[in-house]
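> please work out how this folds:
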Amino acid sequence: MAVLGVVIAAGMWRAGFLRRAGNASLDPSDDAIARALRQARGDSSPAILDSTELKSRWTPEVKGFDVSDLTPARRETFVAFANAQRCTCGCGYTLAGCRTYDPSCPVSGPRVRALLDSVRTGRHSSAPGALRKPSRGG
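From the prediction side, this is the model:
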(Lines give C-alpha, C1' and ligand atoms only; values in the text may rest on other atoms or scores of the structure.)
Protein backbone atom coordinates (compact mmCIF):
# COMPACT_ATOMS: atom_id res chain seq x y z
CA MET A 1 0.00 0.00 0.00
CA ALA A 2 2.83 2.38 0.80
CA VAL A 3 4.49 1.64 -2.55
CA LEU A 4 1.23 2.45 -4.34
CA GLY A 5 1.06 5.81 -2.52
CA VAL A 6 4.63 6.64 -3.57
CA VAL A 7 3.90 5.72 -7.20
CA ILE A 8 0.75 7.88 -7.24
CA ALA A 9 2.60 10.80 -5.65
CA ALA A 10 5.45 10.48 -8.19
CA GLY A 11 2.92 10.44 -11.05
CA MET A 12 1.18 13.52 -9.70
CA TRP A 13 4.56 15.24 -9.34
CA ARG A 14 5.45 14.48 -12.96
CA ALA A 15 2.04 15.75 -14.10
CA GLY A 16 2.68 19.00 -12.22
CA PHE A 17 -0.12 18.78 -9.68
CA LEU A 18 2.08 18.81 -6.62
CA ARG A 19 4.57 21.32 -8.04
CA ARG A 20 1.76 23.81 -8.71
CA ALA A 21 0.52 23.31 -5.19
CA GLY A 22 4.03 24.10 -4.00
CA ASN A 23 4.06 27.47 -5.86
CA ALA A 24 6.81 26.31 -8.24
CA SER A 25 4.87 27.41 -11.32
CA LEU A 26 3.30 30.67 -10.17
CA ASP A 27 5.64 32.79 -12.30
CA PRO A 28 3.62 33.36 -15.50
CA SER A 29 5.34 34.34 -18.72
CA ASP A 30 4.85 37.74 -20.33
CA ASP A 31 2.91 35.94 -23.07
CA ALA A 32 0.45 34.52 -20.54
CA ILE A 33 0.07 37.94 -18.93
CA ALA A 34 -0.56 39.60 -22.30
CA ARG A 35 -3.22 36.99 -23.15
CA ALA A 36 -4.91 37.47 -19.77
CA LEU A 37 -4.92 41.25 -20.15
CA ARG A 38 -6.41 40.96 -23.65
CA GLN A 39 -9.13 38.66 -22.32
CA ALA A 40 -9.85 41.05 -19.44
CA ARG A 41 -10.31 43.89 -21.94
CA GLY A 42 -12.57 41.68 -24.05
CA ASP A 43 -10.08 41.71 -26.93
CA SER A 44 -10.40 38.44 -28.80
CA SER A 45 -7.80 39.24 -31.46
CA PRO A 46 -5.18 36.52 -31.82
CA ALA A 47 -2.29 38.98 -32.16
CA ILE A 48 0.13 38.67 -29.26
CA LEU A 49 1.76 41.80 -27.92
CA ASP A 50 5.29 41.56 -26.70
CA SER A 51 5.79 42.84 -23.19
CA THR A 52 7.57 46.01 -24.34
CA GLU A 53 4.69 46.94 -26.61
CA LEU A 54 2.18 46.20 -23.87
CA LYS A 55 4.08 48.21 -21.29
CA SER A 56 4.47 51.13 -23.70
CA ARG A 57 0.84 51.17 -24.82
CA TRP A 58 -0.80 54.60 -24.72
CA THR A 59 -3.08 55.07 -21.73
CA PRO A 60 -5.65 57.84 -22.31
CA GLU A 61 -6.06 58.67 -18.63
CA VAL A 62 -4.08 58.37 -15.44
CA LYS A 63 -6.17 56.39 -12.98
CA GLY A 64 -6.66 57.73 -9.50
CA PHE A 65 -5.89 61.39 -10.18
CA ASP A 66 -8.49 64.14 -10.52
CA VAL A 67 -7.62 66.37 -13.45
CA SER A 68 -11.01 68.11 -13.74
CA ASP A 69 -9.45 71.45 -12.77
CA LEU A 70 -6.94 71.34 -15.68
CA THR A 71 -7.56 73.05 -18.98
CA PRO A 72 -7.82 70.66 -21.93
CA ALA A 73 -4.30 71.66 -23.04
CA ARG A 74 -2.81 71.01 -19.58
CA ARG A 75 -4.73 67.74 -19.27
CA GLU A 76 -3.25 66.65 -22.62
CA THR A 77 0.22 67.66 -21.42
CA PHE A 78 -0.22 65.73 -18.16
CA VAL A 79 -1.36 62.55 -19.93
CA ALA A 80 1.41 62.87 -22.53
CA PHE A 81 4.14 63.21 -19.87
CA ALA A 82 2.64 60.30 -17.87
CA ASN A 83 2.76 58.17 -21.05
CA ALA A 84 6.31 59.27 -21.90
CA GLN A 85 7.99 58.62 -18.54
CA ARG A 86 8.68 55.12 -17.21
CA CYS A 87 7.89 54.06 -13.69
CA THR A 88 11.05 53.25 -11.76
CA CYS A 89 9.49 50.53 -9.56
CA GLY A 90 10.78 47.88 -11.94
CA CYS A 91 7.47 47.06 -13.64
CA GLY A 92 8.57 48.46 -17.01
CA TYR A 93 5.32 50.35 -17.59
CA THR A 94 4.94 54.03 -18.27
CA LEU A 95 3.70 56.03 -15.29
CA ALA A 96 0.18 56.04 -16.76
CA GLY A 97 0.34 52.30 -17.42
CA CYS A 98 1.64 51.52 -13.95
CA ARG A 99 -1.24 53.46 -12.37
CA THR A 100 -3.67 51.47 -14.55
CA TYR A 101 -2.28 48.02 -13.75
CA ASP A 102 -1.08 48.69 -10.19
CA PRO A 103 -2.90 51.67 -8.65
CA SER A 104 -1.25 50.93 -5.30
CA CYS A 105 2.32 51.24 -6.62
CA PRO A 106 4.31 53.19 -4.00
CA VAL A 107 6.67 54.60 -6.67
CA SER A 108 4.37 55.79 -9.46
CA GLY A 109 1.87 57.45 -7.11
CA PRO A 110 4.23 60.14 -5.78
CA ARG A 111 5.83 60.64 -9.21
CA VAL A 112 2.45 61.18 -10.87
CA ARG A 113 1.39 63.50 -8.04
CA ALA A 114 4.55 65.59 -8.55
CA LEU A 115 3.99 65.61 -12.32
CA LEU A 116 0.37 66.72 -11.87
CA ASP A 117 1.44 69.50 -9.48
CA SER A 118 4.04 70.74 -11.93
CA VAL A 119 1.53 70.73 -14.81
CA ARG A 120 -0.98 72.62 -12.63
CA THR A 121 1.57 75.32 -11.84
CA GLY A 122 2.83 75.55 -15.41
CA ARG A 123 6.33 74.22 -14.66
CA HIS A 124 5.74 71.28 -17.01
CA SER A 125 4.75 72.44 -20.43
CA SER A 126 5.31 70.85 -23.79
CA ALA A 127 7.05 72.08 -26.87
CA PRO A 128 5.22 71.08 -30.05
CA GLY A 129 6.15 67.54 -31.00
CA ALA A 130 8.30 67.03 -27.90
CA LEU A 131 5.90 64.65 -26.18
CA ARG A 132 4.56 61.29 -27.10
CA LYS A 133 1.23 61.32 -28.91
CA PRO A 134 -1.48 58.65 -28.72
CA SER A 135 -1.34 56.05 -31.46
CA ARG A 136 -4.29 55.62 -33.78
CA GLY A 137 -5.20 52.34 -32.11
CA GLY A 138 -5.53 53.88 -28.68
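
> what's the weakest-modelled helix or strand in this protein?
helix 17-21 (a mean of 45; mean pLDDT, DSSP states H and E).

> and for the residue nearest to Gly64 when sequence neighbours are not counted, the neighbour number?
Sequence neighbours aside, Pro103 is the residue nearest to Gly64 in space, at 5.2 Å (criterion: CB to CB, 6 or more residues apart in numbering). Glycine gets a C-beta too; all of them are placed from N, C-alpha and C. When neighbours are defined as other CB atoms under 10 Å, Pro103 has 11 of them.

> give me the element Pro103 is part of.
Using DSSP states H and E, Pro103 sits in no helix or strand.

> equivalent analysis for the one 10 residues further on, please.
Assigning secondary structure by DSSP H and E places Arg113 in helix 108-120.

> next, Cys89: phi, psi?
phi -80, psi -10 (degrees, to the nearest 10).
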